[in-house]
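S.K.: This is a predicted model, with the sequence first.
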Amino acid sequence: MKEIKIRRSVRSFSDRDVDDSLIEQLLRAGMNAPSAVNQQPWEYLVIRNDADKKYIASMGPISGSAAVAPVDILMLSRTVDLQLPELVNLDMSMAAENIMLEAVYLGLGSVFLTVVPYPERMKYIADRFKLPETVAPFGVIALGYPSWDRLNHEVDRFESERIHWGAY
């Protein structure tokens, strides 16, 4: 529960680089997310190039952290060979959460930048990275070592009045 309670959207990062082995561990966490009928729609594009990160940061009004993060992970969802394509966004969301929780465990910070459901953002990203029609951009996770210490900010957001037992 600790990682769940201390996870925050981190938009300010230190200059410290993130080792490829940690990124692989994050992506392993994402690929171990549950998915509908085990369709595992995810693919990932790891981005370190400053020009590409600045391009992503220009995607929307609150995407600026993509430019300052040491690493951006572009989450892609397959568009072919899916039994339940209507559930892909749920699958991808669970993978994103796994990645962000693993980031906390590893001492990293992250923030999710929304691409889906905005068609103009999807095209903006697909065009830049010359994505094949077999994948679609889902979102971007900007990540790195936080420039501030969030480990002392554990918050329990539990609210018992939101629980209904047996009937509303």
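M.R.: Good, I have the coordinates.

S.K.: and stretch 35-51, which residues are buried?
M.R.: Using 16 or more other CB atoms under 10 Å as the test for burial, stretch 35-51 gives 35-36, 39-45, 47. Every C-beta, even on glycine, is put in place using the N, C-alpha and C of the backbone.

S.K.: what would those look like in a markdown table with secondary structure and distance to Q25?
M.R.: Below are the buried residues of stretch 35-51 laid out as a markdown table (DSSP: H, G, I helix; E, B strand; the rest coil; distance: CB to CB, whole Å):
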| residue | secondary structure | distance to Q25 |
| --- | --- | --- |
| S35 | coil | 19 |
| A36 | helix | 25 |
| Q39 | coil | 23 |
| Q40 | coil | 18 |
| P41 | coil | 21 |
| W42 | strand | 15 |
| E43 | strand | 17 |
| Y44 | strand | 13 |
| L45 | strand | 17 |
| I47 | strand | 18 |
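
S.K.: Count the neighbours of R7 for me.
M.R.: When neighbours are counted by other CB atoms under 10 Å, R7 registers 19.

S.K.: wait, I meant A167
M.R.: 4.

S.K.: need the strands for the chain, in chain order.
M.R.: 42-47, 71-78, 109-114, 135-144 (DSSP state E).

S.K.: Out of these, which is closest to V10?
M.R.: Nearest of the strands of the chain to V10, taken as CB to CB: strand 109-114 at 2.8 Å.

S.K.: Need the residues that contact the closest one.
M.R.: 8-11, 13, 56, 59-60, 62-63, 65-66, 69, 96, 99-100, 103, 121, 139-146, 150 (CB atoms under 8 Å, 6 or more residues apart in numbering).

S.K.: re the thing from before, between the buried residues of stretch 35-51, which is nearest V80?
M.R.: P41 (9.7 Å).

S.K.: what residues are up against the closest one?
M.R.: P41 neighbours (CB under 8 Å, 6+ apart): 35, 77-78, 82, 88, 91-92.

S.K.: Kindly indicate the member of those residues with the most neighbours.
M.R.: Going by other CB under 10 Å, D91 tops these with 24 neighbours.
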